[in-house]
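Visitor: for reference, the sequence and a predicted model appear below.
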Amino acid sequence: METTRDIPHPEAASPLFRTEGLGLDFGQGEGARQVLGKVDLQVRSGELVALIGPSGCGKTSLFNLLAGLLKPSFGRILLKEREVAHLRGHLSYMQQKDLLLPWRSVLDNAVLGLELAGAPRKEARARARALLPVFGLEGFAGHRPNQLSGGMRQRVALLRTILCRKEILLLDEPFGALDAITRRTIQAWFLKVWERFRPAVVLVTHDVEEALMLADRIMVMSAPPSAVIKETLGVDLARPRRAAAPELIRLREGLLCSLEQN
Amino acid sequence: MKEKATALLWPGLLLAALLASWEAAVRIWSIPDYILPGPGAIFQTAWTRSDLLLRHTGVTLAEVGLGIALAFAVGTGLAVAMQSSRIMERALLPLVVASQTIPVFAVAPLLILWFGYGMGSKVVMTAIIVFFPITVNLVRGLKSVDPDALALFTILGAGPGQVFFKLRLPHSLPFLFTGLKIAVSVSLIGAVIGEWVGAKKGLGYLMVQANAQLQVELVFAAIFYLSVIGTGLYLLTAALERLLAPWRQD
């Protein structure tokens, strides 16, 4: 069953972006509370990194810092070794909520990013239409979001995210709201899409299994307050992976152990 | 479709029963027409004097339509102002709410004085009643956009104009229609009160005239026409909503 692919070895390239001691305080003065400690995150081009940790450990805050929705209290962000305020313009961001606009059809939701970036409508639609089959949405171009299942809605959201053609993809528990069976199908399918477009992905998840099946590296975040990345595990296995593979079992043990210590 | 039919069946039957017992009561106790005419007499008048009634209906309908249009223009302006600036909201919202404590009946004579016996005063009176539900619901819609959706638009690089026209406005359409449905249901109050206080035309004027001449069946016929207008306006608004905001049915 297992197939081998030539995945460029992550060590080979210098990081596409990284953070240095990035952190966030909420509030000011006496009542200030540290949400995010000093986070050092490194992501290489085309790499799939999973961030796993207890809920409320500031994973979403980290994404909001990267996307420029929040301002860091300390630390810095570097894109290709150049310091930047945030990565907006270089990343697309997908949340657990699909955030599809109920008044737009599947196709018009998919082109939202292109449209807001000023792409001609016709061209944007043609590009989205060409990708509908890849996303399992053929024949659904004119449907409204409320006519779709949760899994399909999530695929429309991913199509909208992918169409922006950014080199970095932030996924905040994108499959968290789906039932277990749908989630497994959509994970396998997501790998295919990822291999086709090959953006650098940071995937936030609660799900140990999801991290193990998808990621090149798994980073474990510590418990709040002031979460930091406390451990990084490399998963040097070809995809698609079998949950029962001996090495995966060993990694799972280590990962669960590390999470329990939180 | 079938569910719709049965939904109409029971209230329809009840209404028929009520009308029948009304007619029976009028006949059994021989209540004179100038006190309480039976539904038969009322419908007969509504039919035989339809020329007169329709002429006045046209005037009232025009007043209500223009009043709603005026309220819509003012209400939209107010709502957008309140949404776009916190200071505007803090300054305007209490005044908008306070304006509702003034009974329209109390200002009606003044409005007649300022805007005359013609349609103008009735249009303004309708607008005063109607602008509140429109404004308040539109503000609620404009402000209730999911913060995550706003974040999505920011990340996708949307400017303020794009956020307004591609997110806030379509999002608030169903809220606007909620306001409009309330508005059309109460809009007739403004026009009719205006016509009672001082007018030369309109169903309210006709009612006052007929009442004075003890033509009570004509008063009832006018009320019947008014309720047809009200129902028609409501159904029209609901149809418009299905056309312009069809995603609401979820």
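Guide: Now that the structure is in, tell me what you want to look at. Residues are numbered from 1 along each chain as shown, chains lettered A, B, ... in the order given.
Visitor: contact partners for A:E209?
Guide: A:A243, A:R252 (CB atoms under 8 Å, 6 or more residues apart in numbering or on different chains). In short, each C-beta sits where N, CA and C put it, glycine included.
Visitor: can you give me phi and psi for it?
Guide: With angles defined as degrees, to the nearest 10, A:E209 sits at phi -60, psi -40.
Visitor: how close does it sit to A:E195?
Guide: 20 Å (CB to CB, to the nearest Å).
Visitor: so what pLDDT did the residue nearest the centre of chain B get?
Guide: Nearest to the mean C-alpha position of chain B, by CA atoms, centre = their mean, lies B:V184 at 2.0 Å. Here, the pLDDT recorded for B:V184 equals 93.
Visitor: pull up the gap between it and chain A, please.
Guide: According to CB to the nearest CB, to the nearest Å, B:V184 stands 23 Å off from chain A.
Visitor: B:P174: how many residues sit nearby?
Guide: 19 (other CB atoms under 10 Å in any protein chain shown).
Visitor: hang on, the earlier thing: and the gap between the residue nearest to the residue nearest to the centre of chain B when sequence neighbours are not counted and B:L188?
Guide: Once flanking residues are discounted, B:V184 sits nearest to B:L233: 4.1 Å by CB to CB, 6 or more residues apart in numbering or on different chains. Separation of B:L233 from B:L188 (CB to CB) stands at 8 Å.
Visitor: and A:K71, by the same measure?
Guide: 54 Å.
Visitor: so for the two, which sits in the more crowded spot?
Guide: B:L188 (23 against 10).
Visitor: B:I223 is in contact with that one, correct?
Guide: No: with contact defined as CB atoms under 8 Å, B:L188 does not count as touching B:I223 (10.4 Å).
Visitor: for whatever helix or strand A:T182 lives in, what is the average pLDDT?
Guide: Assessed by DSSP states H and E, A:T182 sits inside helix A:180-197. Averaged across helix A:180-197, pLDDT comes to 86.
Visitor: buried ones in it?
Guide: The neighbour-count check on helix A:180-197 (16 or more other CB atoms under 10 Å in any protein chain shown) flags A:T182, A:R183, A:R184, A:I186, A:Q187, A:W189, A:F190, A:L191, A:V193, A:W194, A:F197 as buried.
Visitor: so what's the residue in the stretch 151-262 of chain A that chain B sits nearest to up against?
Guide: Minimum separation of the stretch 151-262 of chain A from chain B (CB to the nearest CB) falls at A:C164, amounting to 7.1 Å. A:C164 sits next to A:S92, A:G113, A:L114, A:A117, B:L156 when contact means CB under 8 Å, 6+ apart.
Visitor: out of those, who's the most crowded?
Guide: A:G113 (26 neighbours).
Visitor: one step back: the residue nearest to B:V184 sits in which helix or strand?
Guide: Using DSSP H and E, the element containing B:L233 is helix B:216-244.
Visitor: for the closest residue to A:S258 other than its chain neighbours, give its distance to A:L62.
Guide: Leaving aside its sequence neighbours, A:S258 sits nearest to A:V220 (CB to CB, 6+ apart; 5.0 Å). Distance, A:V220 to A:L62, by CB to CB: 14 Å.
Visitor: neighbour-wise, which of those two wins?
Guide: A:L62 (28 against 22).
Visitor: what about the more buried one, which helix or strand?
Guide: helix A:59-66.
Visitor: report the next helix or strand after that helix in sequence order.
Guide: Assigned by DSSP H and E, the successor of helix A:59-66 is strand A:74-79.
Visitor: how far out from the middle of the chain is that next one?
Guide: Computed by CA atoms, centre = their mean, to the nearest Å, the separation of strand A:74-79 from the middle of its chain amounts to 19 Å.
Visitor: do the same with stretch A:16-34
Guide: Using CA atoms, centre = their mean, the distance between the centre of stretch A:16-34 and that of its chain works out at 21 Å.
Visitor: what is the end-to-end distance of it?
Guide: 27 Å (CA to CA, to the nearest Å).
Visitor: also stretch B:209-222?
Guide: 11 Å.
Visitor: for that stretch, buried residues please.
Guide: For stretch B:209-222, the neighbour count (16+ other CB under 10 Å) marks B:A210, B:Q215, B:V216, B:E217, B:L218, B:V219, B:F220, B:A221, B:A222 as buried.
Visitor: which residues touch the second one?
Guide: Translated: B:Q215. Counted by CB under 8 Å, 6+ apart, B:Q215 has contacts B:Y34.
Visitor: can you rerun that using 10 Å?
Guide: B:D33, B:Y34, B:P37, B:T45, B:R49, B:L206, B:M207, B:Q209, B:A221, B:A222 (CB atoms under 10 Å, 6 or more residues apart in numbering or on different chains).
Visitor: and what of B:V208?
Guide: By CB under 10 Å, 6+ apart, the neighbours of B:V208 are B:V192, B:E195, B:W196, B:V197, B:G198, B:A199, B:G202, B:V219, B:A222.
Visitor: okay, and it sits in which element?
Guide: helix B:203-212.
Visitor: B:G190 now?
Guide: Judged by DSSP H and E, B:G190 forms part of helix B:169-197.
Visitor: count of neighbours near A:I218?
Guide: Residues near A:I218, counting by other CB under 10 Å: 25.
Visitor: hang on, the earlier thing: with only the CA atoms kept, save the helix or strand hosting the residue nearest to A:S258 in PDB.
Guide: Per DSSP H and E, A:V220 falls inside strand A:217-221. Only the C-alpha atoms of strand A:217-221 are listed here, as PDB (Å, rounded to 0.1, in the frame of the first residue of the first chain):
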ATOM      1  CA  ARG A 217       7.300  17.700  11.800                       C
ATOM      2  CA  ILE A 218       5.100  17.900  14.900                       C
ATOM      3  CA  MET A 219       5.600  20.600  17.400                       C
ATOM      4  CA  VAL A 220       4.200  20.200  20.900                       C
ATOM      5  CA  MET A 221       3.200  23.400  22.600                       C
END
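Visitor: which helices and strands does that strand pack with?
Guide: strand A:33-39, strand A:42-44, strand A:48-52, helix A:59-66, strand A:200-205, helix A:208-214, strand A:229-234, helix A:246-260 (3 or more CB pairs under 10 Å, 6 or more residues apart in numbering or on different chains; DSSP states H and E).
Visitor: that older thread, do the helix holding A:L62 and chain B meet?
Guide: Yes: interface with chain B: helix A:59-66 contributes A:F63, A:N64 (CB under 10 Å from any CB of the partner chain).
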